[in-house]
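Peer 1: Sequence and predicted structure are below.
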Amino acid sequence: MSAADDLGFKSEIEITKDLTLPKLFVTQAKKFGDSKVAMREKEYGVWLPVTWSQYLEKVKQITLGLVSLGLERGDKVIMIGDNRPEALWTEMAAMCGGGVGVWLFQDCLMDEVKYIVDHSDSKFYVAEGQEEVDKALAIRDECPKLKKIIWDDPKGMRHYDDPMLISLEEVMRIGKERMAKEPGLFDDFVSVGKGDDIALLFYTSGTTSLPKGALLTHYNLLTMGQNLMRVDPCVPEDDFVSYLPFAWIGEQMMSISCGLQIGYTINFPEEPETAQSNVREIGPHVMFAPPRLYEQFTRTVQVKHLDATWLKRNLYNLAMKIGYHSAELKFEKKPVPIQWKLLWKLAEWTMFSKVRDQLGLSHVRHAYTGGAAMGPDHFRFFHAIGVNLKQIYGQTEIAGISVVHRDGDIKFDTVGTPIPNTEIKIGENDEILSKSPSVFVGYYKAPEETAKALIDGWLYSGDTGFIDDDGHLVVFDRSKDIMILNDGRKFSPQFLEARLKFSPYIREALVVGNKRPYVTAITCIDYNTVGKWAEDHGINYTSYTELGQIPQVYDLIMRAILEVNKSIPEAAKIHRFANLYKEFDADDDELTRTRKIRRAFVEDRYKEIIEAMYDEKEIMHMDTTITYEDGRVSKIKADIRLQSVKGGGSK
Amino acid sequence: MSYLPCGTYFESYADDQKWWRTNFIKGKMIALVVVLAAAPYIVGAQWMSVLYTINYYILAALGVQLLIGYCGQITLGHAAFVAVGGYTSAMMVLFLPWPQFMVDTGLVYPISIVCAGFTAGLWSVLFGLPSARVKGFYLIMTTMAAQWITLRLVITQLSKIGGREQSFPLPPGVIKIGPWVIDSDEKIYYFSVILVIVCLIVMGNLLRSKIGRAWIAIRDNDIAAETMGVNIIVYKLLAFFVAGFFAGIAGAFWISALFFVSPENYEWFYSLLWVGIILIGGVGSIQGIVFGSAFVVMVFKLLEMSVLTLSDFLMNSYPELGWVTTKIIFFKESAFGLAIIFFLIYEPNGLSYRYWQLKNYFNLWPFSYTGK
């Protein structure tokens, strides 16, 4: 922990049971004042800065506005919308006023919104713009506890005159007036808070059942941030880009728990669509993203690499060989010989620094991934190009994370070792139990669930795993990591899926084979890359469905599968596969909102295809329904080809 | 969109519009200034005249680039305005009754440069007036008229002034800026570098202002520009004025190198040459002017050198082939024509586009495009 001594510990705050996020926020805002930028938002082509004193001012206004509108201690304020400064202001204001913040994923369907608004007893609904307001208006009759709907983006809102609606600007104006009358009111509100008060009510996107609301206290969040920062300290000069949903605990952890303690600058992209290029402009020093984002990075690199000119392509290949070799030595904790060090320097100078620059990872000191498993190929790739990518493990119930890789001690099949003040042990049935100051206080209105998850201060995660010889935690899949073929041979579907997804042409995959004669896979092609590949090869297509069913595309996917099959044991080799007519989607409940696959559900949904694969059919007819983003449902008819892989797993 | 490295972001438009936005660019610019300052010591004395000729062509072609490349007004008479500048400056220096202290302090020549700019600018506006009515080929004809009218006027009218012919030698010591007497190739070179830098900065700043945007709008589609509220006549005339102004400065500079003014320095060939320079360098690019001028001057110089060597060789080894040497002298001029043909066919976007491609090749390294 030497790095921590240099940077973090000196400025580390003391967390007492009296400290709350609002109290810390006020202290930090007063400390940094106008001299430091708290957040930036890209608007109209430039990064408009908000200093800490402006931040404080806005939060004061919103807090008092909410209070004037009837916010009382313990009231829930539900929020939905893109990542933008107003989102953090309202969240902070809700906490300052003694309320509890609740976040919704922006692409939540109406039923989910209704369920969470109703279940959380929310009094205020803070929407970004028209779309979110419409959702609220549609469900408000079924959620009688909802009092006010607040919006901040005026686009399309001109003709809305519902008495329940109020603009954020108006709320701030009310707050400003109140502030003029009672200047000490805000400080009074902040000072009554206690560390054990509930700060956030977080709905987990469980892979199995209805969302459960985890109650997190200020103390939970603060200790979480501090313990993570003890492992990988950040400095106030760092930049962080906030573009993943606030309804994901990882984003809360980085923006609130860590961000507030360190005081680094939080940057908001212009639009979700521009996030990638905006990230590149900022060049963040720390990032935390689910695996799919890193998978997207590798896919981008692979595709662009294939399209590069001869010289660039070959130099890249050469540099990557050096990179992979050096990364391999590091993983094995072997000393890197001097000639390899020199070669790596050369490759770093001519290739890796540019690749990182193109991806926007030039300044990244620590890159975290978590929330789902990531394939070893991706891990090797990032370490080869010199990105310090680490796996972390945690859950909403522990306010973020509990286990992380340490610098220089990275094993890609593990998630690392516990962060300070955190204990991990393996309970019955290999269940992972954890204990730390950040463990939540319980589920909202679900004492039974709470009793199951929280016993003697230990958090029962429901995940299984083991601790290896180096003290690293290894996590199995939530359902079951190891599947067994009906002749008793074992394989790991998650591992296979992760390997498959390293191919730029495969976006999602579901590997099946439990209690079956051999392993098969349902693959979702990547529309962009496969589409481009088809164009390059003069193949016509009109839609995702049609593209996926073209024989040449099947051969393309098969080559990717053969590549995976090469390096895995005989039993695990994929024998047959089918390209699905659509991508897995969270709106169809196939993925969670953080894009983890809901294995049991998907297997059930596509059981016809799976059956057909084991029936050795060549083609099957499919009649199904799909759900659009706006909730509309439509029917799809398609013929699905089923193809055997040459030399696939034995039967 | 220009390429910026990761981690470059701007919190205000002022920052976003800066010229030197990254340390790399700042470094490049500083290196360029150092190279320009050290050039006389690097290349040697015999190349000095080549360097300041490049700079002269840059100054002269600047106005052509403005008119053709940024305002879409094709001109083929630019040498006329350079002539106006040269004559204005020379005659002001020679014939005006300057008070002695101004002569001593070296203010005469600098003042004459500014006046040359204005005179040439106004003269250019005069010939730009038809641009309000005519476009394309017809405008080419009117600008060519400027060439003939101006030179005839000079030859027929100026010969009477001061009882001399139309050519004036400038006595040593009159070309003086403050205490700095310009009397050597090296000084001419430094003087030209300063003028080029100042003029390029002015031009660059004009182009990113309202005026420059109006010019570009007129170039792209004059009717659309007018619909958007750009007063196209005013902006076209302004373009002619500024282009003439730069030409005047070029002309005023060139007398310091020639110590002499004479109509044959402003032949129609030069008007063509400067249009050729921007075609080779790249239409609508400031860098293009620099590349084009350097290319043309260097090609001429190298051809001259090889032709001389070749004819010497022929004279010595095969005296009976002497007639060939007189023929190959003309290779020089035809090479320029060939270069333009080749550029129009194989690289219509000019050298600046090649430069941009080269930069992109490394900016995009190790890929070939940005985005997804």
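Peer 2: Noted; the coordinates are in hand.

Peer 1: Contact residues of the stretch 1-150 of chain B facing chain A?
Peer 2: Selection of the stretch 1-150 of chain B residues close to chain A by C-beta under 8 Å from any C-beta of the partner chain yields B:L4, B:P5, B:C6, B:G7, B:T8, B:Y9, B:F10, B:E11, B:S12, B:Y13, B:D15, B:D16. Where you see a C-beta, it was placed from the backbone N, CA and C, and this is true even at glycine.

Peer 1: I figured B:A294 hits B:Y56, correct?
Peer 2: No - counting by C-beta atoms under 8 Å, B:A294 does not reach B:Y56; the two are 11.9 Å apart.

Peer 1: more neighbours, the two?
Peer 2: B:Y56 (24 against 21; other C-beta atoms under 10 Å in any protein chain shown).

Peer 1: Let's see the host helix or strand of A:W344 as CSV, backbone CA atoms only.
Peer 2: Taking DSSP states H and E as the definition, A:W344 sits inside helix A:338-347. Extracted C-alpha coordinates of helix A:338-347, given in CSV (Å, rounded to 0.1, in the frame of the first residue of the first chain):
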residue,chain,number,x,y,z
ILE,A,338,15.9,-6.7,-20.2
GLN,A,339,15.6,-7.3,-23.9
TRP,A,340,11.8,-7.8,-23.6
LYS,A,341,11.7,-4.6,-21.5
LEU,A,342,13.4,-2.7,-24.3
LEU,A,343,11.2,-4.2,-26.9
TRP,A,344,8.2,-3.3,-24.9
LYS,A,345,9.4,0.2,-24.6
LEU,A,346,9.8,0.4,-28.3
ALA,A,347,6.4,-1.1,-28.9
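
Peer 1: worst-scoring helix or strand of chain B, pLDDT-wise?
Peer 2: Lowest mean confidence among the helices and strands of chain B (mean pLDDT, DSSP states H and E): helix B:322-328, at a mean of 71.

Peer 1: Could you list the low-pLDDT ranges of chain B?
Peer 2: For chain B, the stretches with pLDDT under 70 are B:1, B:159-165, B:322, B:325, B:329, B:371-372.

Peer 1: Show me the longest helix that occurs in it.
Peer 2: helix B:286-317 (DSSP state H).

Peer 1: how about it: buried residues?
Peer 2: B:286-297, B:299-301, B:303, B:307, B:311, B:314 (16 or more other C-beta atoms under 10 Å in any protein chain shown).

Peer 1: helices or strands next to that helix in the packing?
Peer 2: helix B:48-64, helix B:185-207, helix B:268-281, helix B:322-328, helix B:331-346, helix B:350-363 (3 or more C-beta pairs under 8 Å, 6 or more residues apart in numbering or on different chains; DSSP states H and E).

Peer 1: residues touching the closest residue to B:S167 other than its chain neighbours, list them.
Peer 2: Excluding its sequence neighbours, the residue lying closest to B:S167 (C-beta to C-beta, 6 or more residues apart in numbering or on different chains) is B:S262, at 3.8 Å. Applying C-beta atoms under 8 Å, 6 or more residues apart in numbering or on different chains to B:S262 gives the contacts B:Q166, B:S167, B:F168.

Peer 1: rerun at 10 Å
Peer 2: Taking C-beta atoms under 10 Å, 6 or more residues apart in numbering or on different chains, we find B:S262 in contact with B:A83, B:G86, B:Y87, B:A90, B:V154, B:I155, B:E165, B:Q166, B:S167, B:F168, B:P169.

Peer 1: Show me the beta-bridge partners of the last one.
Peer 2: Read it as B:P169. B:F260 (DSSP bridges).
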